[in-house]
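Colleague: Next comes the sequence, and after it the predicted model I'd like to discuss.
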Amino acid sequence: MTRRSSFRATALMFALLLLPGGTAAAAVKWDYYLFVGITHPIGQYAKEFAEEVKKRTNGVLEIVVRPAGELPYKATEVVRVTGQGQVQLSDGYQGFIAGDNKIGALPGLPFLVTTAPELKRTMEVLEPYVVKEMDKFGTTILFWYTWPEQNVWGRGEPITTIAGFKGRKIRATSPEQTEMLRRFGAIPVTFTTPEVPAAAQRGAMEGILTAGFNLLGAKWYEFTEWGFLGDIHIGGPSYIIVNRKALESLPPDVRRVLQMVAREFHERMLREIPAREEQDRKTLETAHKIRLLRPAPAEVDKGRKLMEPYWGEWAQARGPEAVEALQKVRKILGR
């Protein structure tokens, strides 16, 4: 044996790690795309997820978290990027990936699914449709989580009614939000996440649709004065997308551990993130002097009535499966 071949053999031996149960498997490294920074709460969840997978596979599966800006991909491209194997895991927010997974954006229809418990019931009927669309790109869902309720946070004259939206420049994160803003008479604008602070400072936008959880995590409170808390829609799901071939190529023991950790994080994030919203709003109000404005129930009803015709139009434009999925969701929610 030559010195070089001896070195290769030794390297290979060290790359073979023992899984629980005694099964040897070659070490695997995956890239995990995020659209937020690593210090953001969602970035911290991703980091903990990767660490837990590495620990419980005894280092066989190493997931490298790639926060916003580290890779040259857009949040709107992650379904294709993951399917092509440029990354093996990605976080795909329903509004961002609506171009490639149309049915997956259904929970983002304004005033349809408004709470985390409603989303959990919705996903029981919706997930098979989403998985079917993911399959076209060579991807599937490892798990999903949700951001809290989406509201309008802004500066300048506060919005307190639906009529108050008229003429205001508000950043949307999905086609569904854009349509709502148009129907309310607002001016929808689009900026990538890194562009938001500068856009706010130069007056290119007066408000943004997001959650207090994100406003605090992204430090967008620095240019925010008030929040219109109409709970327009729940902020999810955000799908953790996995390259199907990469998943299937994992040794069975490794795959089972990955899926087990994924289930645990699904339950944990679904429990913890919505619960944080109330506390985060209090922090925004007390520490950052942001006014929290809760519209009258009649204003919320007005918003829902204005958007209800759009739900059907949205589904019709996306085909019979979207129509069927919407009917099922409306039935279980009583809307």
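Modeller: Thanks, I have it. Residues are numbered from 1 along each chain as shown.

Colleague: Am I right that Arg80 is in a helix?
Modeller: Yes. Per DSSP: H, G, I helix; E, B strand; the rest coil, Arg80 lies within a helix segment.

Colleague: isn't it right next to Phe137, touching?
Modeller: Yes. Arg80 is in contact with Phe137 according to Cβ atoms under 8 Å; the separation is 6.0 Å. Every C-beta, even on glycine, is put in place using the N, C-alpha and C of the backbone.

Colleague: Overlap in contacts, the two.
Modeller: Asp100 (Cβ atoms under 8 Å, 6 or more residues apart in numbering).

Colleague: For the stretch 201-335 of the chain, which segments are assigned as helices?
Modeller: Along the stretch 201-335 of the chain, counting by DSSP state H, counting those that start in this stretch, helices occupy 212-217, 244-249, 252-287, 297-317, 320-333.

Colleague: Just put the ones you listed in JSON lines and tack on mean neighbour count.
Modeller: Putting the helices of the stretch 201-335 of the chain into JSON lines (neighbours: other Cβ atoms under 10 Å) gives the following:
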{"stretch": "helix 212-217", "mean neighbour count": "24"}
{"stretch": "helix 244-249", "mean neighbour count": "14"}
{"stretch": "helix 252-287", "mean neighbour count": "17"}
{"stretch": "helix 297-317", "mean neighbour count": "15"}
{"stretch": "helix 320-333", "mean neighbour count": "16"}
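
Colleague: for these, which one sits closest to Ala204?
Modeller: helix 212-217 (18.0 Å; Cβ to Cβ).

Colleague: Now do the closest one: everything it contacts.
Modeller: Under Cβ under 8 Å, 6+ apart, the answer for helix 212-217 is 36, 40-42, 147-148, 151, 153, 220-221, 224, 227, 235, 273, 276-277, 280-281, 283-284.

Colleague: again, but for stretch 308-328
Modeller: Residues contacting stretch 308-328 (Cβ under 8 Å, 6+ apart): 102-103, 106, 109-112, 125-126, 129, 132, 176, 179-180, 183, 330, 335.

Colleague: Going by residue numbers, what spans are strands in the chain?
Modeller: Secondary structure of the chain by DSSP state E: the strands cover 16-18, 24-26, 28-33, 61-66, 89-93, 139-154, 169-171, 187-189, 207-210, 226-243, 291-293.

Colleague: Tell me which of those strands is the most buried.
Modeller: strand 89-93 (a mean of 27; mean count of other Cβ atoms under 10 Å).

Colleague: and that strand with helix 252-287, angle?
Modeller: 40 degrees (axes from the mean of the first three to the mean of the last three Cα atoms, to 10 degrees).

Colleague: got the helices of the stretch 201-335 of the chain as TSV, with mean pLDDT and distance to Ser90 columns?
Modeller: Shown next, in TSV, are the helices of the stretch 201-335 of the chain (pLDDT from 0 to 100; distance: least, Cβ to Cβ, whole Å):
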stretch	mean pLDDT	distance to Ser90
helix 212-217	93	18
helix 244-249	98	12
helix 252-287	96	14
helix 297-317	97	25
helix 320-333	98	23
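
Colleague: out of the ones you listed, nearest to Asp231?
Modeller: Of those, nearest to Asp231 by Cβ to Cβ is helix 297-317, at 7.4 Å.

Colleague: Just the terminal-to-terminal distance for stretch 99-110.
Modeller: Stretch 99-110 has its terminal residues 18 Å apart, counting by Cα to Cα, to the nearest Å.
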